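# whatever this is, show me its structure:
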Amino acid sequence: MPSFDITSEADMVALRNAVDVAGRHIGNRYDFKGTSAKADLNEKDKLITIWGDSEFQLGQVKDILFPEMEKKERESTKRLDIGTVQTVSGNKAKQELKIKLGIEQELAKKIVKMIKDSKLKVQATIQGDAVRVTGAKRDMLQEAIALVKKSVTDFPLQYGNFRD
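You can find the predicted model right below:
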């Protein structure tokens, strides 16, 4: 029986590249000269930390970082869990942007329920941080992909591992 998986994985190489390019832009900007403005990527913890002298400057760093991330990987800013602004060492500020990987249980249950309610002749099951969809015909699977793409727009999903 044909099947495919719905997953959500970040391209860490593209994210590292985007953070590096944003760091070069920040270093070249005149209004950031002599400030603590920068962006760091911790690949092990899946965390981007942005630093600045004020909350306003953090906003400027994000305005540089987010378009670079979108250029490298479409919809990559939607997978960020933006933390609160923290004050460190007096007047400096930092903010942590957690990178969410995989499909959370709540979203997976929503996808499975949506597919079952659509009356398509496919079965959807949650397998860890992915959703596997199986059906008798390839056309039904393509309809399921179209349904999920249309309905879930607030989180980036990939459709792969197609088996015939």
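# tell me the centre residue of the protein?
Arg79 (2.4 Å; C-alpha atoms, centre = their mean).
# name the residues of the helix or strand of the chain with the lowest mean pLDDT that are buried.
Evaluated with mean pLDDT, DSSP states H and E, the helix-and-strand set of the chain has its lowest mean pLDDT in strand 158-163, which scores a mean of 84. For strand 158-163, a neighbour-count test (16 or more other C-beta atoms under 10 Å) marks Tyr159 as buried. For the C-beta atoms, the positions are set from N, CA and C on the backbone; glycine is no exception.
# what's the first-to-last distance across stretch 131-144?
12 Å (C-alpha to C-alpha, to the nearest Å).
# ok, residues contacting the least confident helix or strand of the chain?
Contacts made with strand 158-163 from outside it, assessed by C-beta atoms under 8 Å, 6 or more residues apart in numbering, are listed as Pro2, Ser3, Phe4, Asp5, Ile6, Thr7, Ser8, Glu9, Leu141, Ile145, Val148.
# how does the chain divide into domains?
In terms of domains, the chain is parsed into 3-8+103-163, 12-99 (source: automatic domain parsing).
# got phi/psi on Ser89?
Note on Ser89: its backbone torsions stand at phi 40, psi 60 [degrees, to the nearest 10].
# just how off-centre is stretch 22-31 within its chain?
On the basis of C-alpha atoms, centre = their mean, to the nearest Å, stretch 22-31 sits 24 Å off its chain's mean C-alpha point.
# show me where the protein has its strands.
Taking DSSP state E, the strands of the chain run over residues 3-7, 38-42, 47-52, 80-88, 92-99, 122-127, 130-135, 158-163.
# comparing those by mean pLDDT, which bottoms out?
When mean pLDDT is averaged over each of the strands of the chain, strand 158-163 scores lowest at a mean of 84.
# how about the CA coordinates for it, as CSV?
Below are the C-alpha coordinates for strand 158-163, written out as CSV (Å, rounded to 0.1, in the frame of the first residue of the first chain):
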residue,chain,number,x,y,z
GLN,A,158,7.6,18.3,4.7
TYR,A,159,6.0,15.4,2.8
GLY,A,160,8.4,12.7,2.0
ASN,A,161,9.4,9.0,2.4
PHE,A,162,6.9,8.1,-0.3
ARG,A,163,6.6,4.3,-0.8
